[in-house]
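Undergrad: just to be clear, the model below is a prediction. Sequence and coordinates:
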Amino acid sequence: MRTETEGIILKRRKISEKTQMITLFTKELGKITAGTNLSEGRLRNQPALHAFTYGRYELNKSRDNFFINKAETIKNYYSLAENPDKYMQACYVLEFTDKILEEECREPGVYAALRDFLTMLESRDRGIGTLILAYQTKAIKYLGHEPVLDRCASCGSRENLYKFSVEAGGTICRECFENAEESMSPALIYNLKFDIVKILKYFADNPLAKLENVALTEEAGRQMQSLVRSYAEYYLDASDIKSEGLI
């Protein structure tokens, strides 16, 4: 099978003198791992196999293995490397994305959000953490794990919403919390402060472009970061992200 697709390079690694393995998040096929022996001198645009590149790729599939025959850059985001903070944040987001995606599962919502994230990160000078949280929230939603925010995730009541429980999958009322408190992990329970419900709803329901002038306070950002990362770890196995320690 031979096909062409757009894609974003998540990572690459060299496995021999001539062969590289590329993790490519494609528009049509989802995340795939593909081998290639293309040298940069043979590419129409040299950065086409580098991370932070959005490109067009000709693929060949034999049995269960993909191989990149041709690669052409549509846009590279190399300017991010000029700013150490942006570079580390972008590395974290690419690793996070790689972690949450299953092989060959088409995820058009996550794909579009990642492109928007990289484009916005290039020109953003403040609130980078807010932008990352918004991207992660949208990715969680598109992958089918959006938290329940308008009612109790346990009993369905819309009254007396009291806490956010990662284990329950969203907000829970006081009665359900008190009935289940002993069996719940305290580390996965969050107080409903800093308008976290409104923030999560806003992130999930609005395009990233609407966040151009939005930046959470430092304290609210820390709370939201802990909640979103705990939620992604619990439902999407987004743990052991090596670049997380660099941001």
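TA: Great, that's in hand. Numbering: from 1, shown residues only.

Undergrad: ok, now which ones touch residue 217?
TA: By CB atoms under 8 Å, 6 or more residues apart in numbering, residue 217 lies in contact with residue 194. All C-beta atoms are positioned from the backbone trio N, CA, C, and that covers glycine.

Undergrad: any idea of the pLDDT on it?
TA: What the model reports for residue 217 is a pLDDT of 91.

Undergrad: if I look at it, how far off is residue 233?
TA: 24 Å (CB to CB, to the nearest Å).

Undergrad: isn't residue 102 right next to residue 31, touching?
TA: Yes. Residue 102 is within contact range of residue 31, at 7.1 Å (criterion: CB atoms under 8 Å).

Undergrad: would you mind pulling the contact partners of the lengthiest helix in the chain?
TA: Ranked by residue count and defined by DSSP state H, the top helix of the chain is helix 218-236. Helix 218-236 is contacted from outside by 96, 99-100, 129-130, 133, 136-137, 139-140, 143, 145, 147, 164, 166-167, 169, 187-188, 190, 193-194, 196, 199-200, 216, 238-239, 244, using CB under 8 Å, 6+ apart.

Undergrad: redo that, cut-off 6 Å
TA: 100, 129, 133, 136, 145, 166, 188, 190, 194, 238-239 (CB atoms under 6 Å, 6 or more residues apart in numbering).

Undergrad: again with stretch 180-193
TA: 163-167, 227, 230.

Undergrad: give me the number of residues near residue 142?
TA: 18 (other CB atoms under 10 Å).

Undergrad: doesn't residue 112 make contact with it?
TA: No. Contact between residue 142 and residue 112 fails when scored by CB atoms under 6 Å: they sit 8.9 Å apart.

Undergrad: which of the residues in the helix or strand harbouring residue 24 are buried?
TA: Assessed by DSSP states H and E, residue 24 sits inside strand 20-26. Neighbour-count burial for strand 20-26, with 16 or more other CB atoms under 10 Å as criterion, is recorded at 20, 22-26.

Undergrad: pLDDT added to those, as CSV?
TA: Converted to CSV, these look like this (pLDDT from 0 to 100):
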residue, pLDDT
20, 86
22, 92
23, 96
24, 96
25, 97
26, 95
